[in-house]
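Enquirer: the following block contains a protein sequence and its predicted model.
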Amino acid sequence: MPQVAPEEFREMNFLLYCGAATQIVFVIVVFGGGSVAGLCLVRWSVPLDRLQKNHEVAGVTFGVLGAFYGLVLAFVIVAAWERFNQANADALREATALESLYKLGAAFPEPMRSQLDSAVLEYSHRVIEKEWPQMADNTFNGGKVGAHELWATVLAYHTADSREQMLLDKSIDQLNLISQARGERLLYYGEDLPSVVWMVIYLGCLMTIGFSYFFGSNVFRAQVLMCWFFSILLGMTILAILELAHPYQGVVTISNEPFRYALSRMEAANSYKMATAKAPLQATSRASDQ
């Protein structure tokens, strides 16, 4: 079962459906403004001289905490990037297998050829026109319609000789690739980072920013700017993790361009096959006229 973070650790998921400008403004206002407000509250309630007495101990502790949290963020963002790259590779693999299956269909006799062509084209159009927009809106239900028609078309065919059996075996190999890539696509669509990871990310961010309040600078404006920039950097990093962890929603998403490219090549091959099929008929018609 996919591990989905509970609601208390998914407050920022709404940013996936906002534009890049809105995301940046949110990070600046919430992370930057919130951290500066917390710093002002601490400086208002704690005298500067008391904060400066803790610099030596607080500096060592803050260095350890910052290094640990930096390692956590680095590990998570690399893991999220690998998920994103794998989802992109799966989309390319699924589209390539569809094109290969379509080309194999040209070697089958009628009516198998037309049935397989129709099933592959229908599947490709559905992925591009329905599934991809639904995945972007987080409304996709992958359990209802899949590659069932493709499997039914191929498995229902009875071969007549060894050549057709070889074609059928190759078609089943491509169908296996399509089903595997589709299954991984649905997995990455429905799966989020584990809730414990989001808990560490958000609580670690609060602790790291909050620990910076233990320092007291004689120039308060300089400390405000340092805290503001530091918290915005953390916010942008968390936003990048959020985007990469959801490869089909947000500003940075997996493109359906591999399917569009495969579909254009299939349609071009279909035009070529139609022209090739018409040529013998035209030659026969000219011979009968003579």
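Expert: Yep, that arrived. Residues are numbered from 1 along each chain as shown.
Enquirer: ranges for the strands of the stretch 151-290 of the chain?
Expert: Using DSSP state E, counting those that start in this stretch, no strands are found in the stretch 151-290 of the chain.
Enquirer: could you pull up phi and psi at the residue nearest the centre of the chain?
Expert: For the chain, residue 247 is the residue whose C-alpha lies nearest the centre (C-alpha atoms, centre = their mean; 1.2 Å). When read as degrees, to the nearest 10, the backbone of residue 247 gives phi -70, psi -10.
Enquirer: tell me the SS of the closest residue to it other than its chain neighbours?
Expert: Using C-beta to C-beta, 6 or more residues apart in numbering and skipping residues adjacent in sequence, the residue nearest residue 247 is residue 87, 4.1 Å away. No exception for glycine: its C-beta is placed from N, CA and C like everyone else's. Counting by DSSP: H, G, I helix; E, B strand; the rest coil, the backbone at residue 87 sits in helix.
Enquirer: residue 87: what's it in contact with?
Expert: Contacts of residue 87 were listed using C-beta atoms under 8 Å, 6 or more residues apart in numbering, and they are 184, 185, 188, 247, 248, 254.
Enquirer: so, low pLDDT: which residues of the stretch 1-150 of the chain?
Expert: Low-confidence segments of the stretch 1-150 of the chain (pLDDT under 70): 1-11, 142-144.
Enquirer: all strands for it, in order.
Expert: Under the criterion DSSP E, counting those that start in this stretch, the stretch 1-150 of the chain carries no strands.
Enquirer: kindly state the pLDDT recorded for the nearest residue to residue 54 once chain neighbours are set aside?
Expert: Distances taken as C-beta to C-beta, 6+ apart put residue 214 closest to residue 54, at 5.6 Å, once the chain neighbours are dropped. pLDDT for residue 214: 81.
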